[in-house]
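Participant: have a look at this prediction, sequence included:
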Amino acid sequence: MKTLLRILLYCFGAIIIVIVMLISFGISNEPDIKLDWAMSQADISRAKKILHEGSKTRPDEIGTIELTKADLNLAANYLLNRFSKGRALIVLKTNKLKFIVTATLPENSIGKYLNITFRLGNEYGSQLPTLTKFKAGKLLLPSKVAAFVIDAVIKHTYLNEYFLLATDPIKAVTIDGEKITITYHPSQATLDTARDLLTYNNTSNNHANVYQSKLVDIVRRHDPDWRLSLAELSKPLFALAYQRSSLDTAIEENRMVIYTINDYVNNQKIGAVPYYPAFLYKRIDLAQHFIGAAAITASANSQIAQVVGEEKELRDAQSGSGFSFVDLAADKTGTRFGELATASPASARKLQQTMATIKDYTDFMPDPRTLPEHMDEATFKKRYGAINSEAYQKVSKQIDALIAATPIYRK
């Protein structure tokens, strides 16, 4: 037992040493790539579109994505610069994908930049690429050692859930000199995990705590003899966001507001005060669908939110409360709300100002109660067939018209 423990400690120590080597050798006062390229608004829009491509495929369908070298470089630089000012350069060769990455570090006494170069490749006829080269600054590490360390770091940190979510659906990656082709097969379980991860909010930061405290105060003052309207939560929180925000911070403040409300409505996260369910049109489920879709959209994108909403209703048709266009209308409206909240700094500020002056929830949620609902699978198929049928699309367009006529979504 002691020998086994000693071996485990040695292995753990070796991993720590290698990680320290990776960091120390990769840090320098000179960047490997000149940081002389800034992404334009068009570049950012294109990068977001690229990253959202995979959400078009429905659960249990096989999909493919083709990405050119330009696409890969745009997406990589967009992701990198969300966390640190830096630059990534991706080079394609047949069966090989080379990354050169420079990231700016916080002020420290060691160096200004972290420089990493690595290569992925399809070896021995493998369908999926593996790490074939890794260099931190001037230090070239054996690929198997680097892969082991990276794998250990991912598996034993919060990154593991996100890594599995991103990689599990991928079945094959083909690399040539001009593009890569990704074949993927997402499951419903993956989609459900994505929904849970994307709507989870770590409220330990100061921004969230401000909104959480405000929400607790609202709930504490609520008259228990009356229903708690979703507008009663949303209006003062967005008013607070408008006071706290600048054009540069408005999107992030809106995300915090939406996450805080979603944590209360869907996860019942609240301080030491009574919990009152939130309502829209005297229905708890509408408030849950609306803010849940808004949270997914604020975290990821509207296509994922739409797919999640439709798939849930189809599952309800098979076993549950039945397919509901009423619920779907709340999903689609919440998605639109999330889009406006995070589409651009100007859109974020405008939504804050508008929400701070709403009269009630009819300003941001149309009344969907006349739409068909409670349909079991047989009834749904008899009336609408599938979600791409003409009959289904007719109701979907009716919902879009209701949303477009609602005050805050009017152009």
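Facilitator: Okay, I see it.

Participant: low-confidence bits of the chain, can you list those?
Facilitator: Residue ranges of the chain with pLDDT under 70: 1-25, 37-41, 48, 51-61, 82-84, 125, 146, 148-169, 185-208, 300-320.

Participant: tell me where it has strands.
Facilitator: Along the chain, the stretches classed as strands by DSSP state E are 27-28, 63-68, 86-93, 96-104, 113-121, 130-136, 139-141, 170-175, 179-184, 228-229, 278-279.

Participant: now these in a markdown table, with mean neighbour count and distance to Leu215?
Facilitator: (Each C-beta comes from the backbone N, C-alpha and C, glycine too.) Putting the strands of the chain into a markdown table (neighbours: other Cβ atoms under 10 Å; distance: least, Cβ to Cβ, whole Å) gives the following:
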| stretch | mean neighbour count | distance to Leu215 |
| --- | --- | --- |
| strand 27-28 | 17 | 42 |
| strand 63-68 | 15 | 39 |
| strand 86-93 | 18 | 36 |
| strand 96-104 | 19 | 36 |
| strand 113-121 | 20 | 39 |
| strand 130-136 | 19 | 45 |
| strand 139-141 | 15 | 48 |
| strand 170-175 | 17 | 39 |
| strand 179-184 | 17 | 38 |
| strand 228-229 | 20 | 11 |
| strand 278-279 | 22 | 11 |
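
Participant: quick one: closest of those strands to Asp327.
Facilitator: Minimum separation from Asp327 across the strands of the chain (Cβ to Cβ) falls at strand 278-279, 14.2 Å.

Participant: the closest one packs against which elements?
Facilitator: Packing partners of strand 278-279 (3 or more Cβ pairs under 8 Å, 6 or more residues apart in numbering; DSSP states H and E): strand 228-229, helix 230-244, helix 284-299.

Participant: and the strands of the chain as TSV, adding distance to Gln268?
Facilitator: Formatted as TSV, the strands of the chain follow (distance: least, Cβ to Cβ, whole Å):
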stretch	distance to Gln268
strand 27-28	45
strand 63-68	35
strand 86-93	40
strand 96-104	39
strand 113-121	41
strand 130-136	43
strand 139-141	47
strand 170-175	35
strand 179-184	34
strand 228-229	12
strand 278-279	10
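
Participant: which among these is found nearest to Gln353?
Facilitator: That would be strand 228-229 among the strands of the chain, by Cβ to Cβ, at 20.1 Å.

Participant: now find how far off-centre the closest one is within its chain.
Facilitator: 28 Å (Cα atoms, centre = their mean, to the nearest Å).

Participant: follow-up on the earlier one: pick the most deeply packed of the helices and strands packed on strand 278-279.
Facilitator: Of all the helices and strands packed on strand 278-279, helix 284-299 has the most neighbours on average by mean count of other Cβ atoms under 10 Å, namely a mean of 26.

Participant: chain center to that helix: distance?
Facilitator: 14 Å.

Participant: between that helix and helix 230-244, how big is the angle?
Facilitator: Relative orientation of helix 284-299 versus helix 230-244 (axes from the mean of the first three to the mean of the last three Cα atoms, to 10 degrees): 30 degrees.

Participant: could you number the chain from 53 rather than 1 from now on?
Facilitator: Right, with 53 as the first residue, what we last looked at is helix 336-351.

Participant: mind giving me the packing neighbours of helix 336-351?
Facilitator: Secondary elements touching helix 336-351 (3+ Cβ pairs under 8 Å, 6+ apart): helix 240-251, helix 282-296, helix 302-319, strand 330-331, helix 354-370, helix 377-394.

Participant: do you know which of the helices and strands packed on strand 330-331 lies nearest Ala199?
Facilitator: Using Cβ to Cβ, the nearest of the helices and strands packed on strand 330-331 to Ala199 is helix 336-351, at 29.6 Å.

Participant: circling back: out of the strands of the chain, the one nearest Arg401 is which?
Facilitator: Comparing the strands of the chain under Cβ to Cβ, the one sitting nearest is strand 280-281, at 24.1 Å.

Participant: so which elements touch that closest one?
Facilitator: strand 330-331.

Participant: pull the residues that contact the strand it packs on.
Facilitator: Strand 330-331 is contacted by residues 279-282, 284-285, 316-317, 336, 338-340, 343 when judged by Cβ atoms under 8 Å, 6 or more residues apart in numbering.

Participant: outline the domain layout of this structure.
Facilitator: The chain breaks down into these domains under automatic domain parsing: 85-238, 244-461.

Participant: these two touch, right, Phe375 and Leu423?
Facilitator: No: using Cβ atoms under 8 Å, Phe375 is not in contact with Leu423, being 10.8 Å away.

Participant: settle it for me: which of these two has more neighbours?
Facilitator: More neighbours surround Phe375 than the other of Phe375 and Leu423, with 28 against 16 (other Cβ atoms under 10 Å).

Participant: any idea how far the more buried one is from Ile455?
Facilitator: Phe375 sits 19 Å away from Ile455, taking Cβ to Cβ, to the nearest Å as the criterion.

Participant: any idea how far Lys121 is from Ala127?
Facilitator: Lys121 is 11 Å from Ala127, by Cβ to Cβ.

Participant: likewise Ala457?
Facilitator: 36 Å.

Participant: who has more neighbours, the two?
Facilitator: Ala127 (20 against 10).

Participant: nearest residue to the more buried one other than its sequence neighbours?
Facilitator: Distances taken as Cβ to Cβ, 6 or more residues apart in numbering place Ile102 nearest to Ala127, at 4.7 Å, with adjacent residues excluded.

Participant: what sits against the one you found?
Facilitator: Leu119, Asp123, Leu126, Ala127.

Participant: quick check: the closest residue to the second one other than its chain neighbours vs Leu380, distance?
Facilitator: Pointing back at Asp123 there. In space, and not counting its chain neighbours, Asp123 is closest to Ile102: 5.2 Å by Cβ to Cβ, 6+ apart. As defined by Cβ to Cβ, Ile102 lies at a distance of 27 Å from Leu380.
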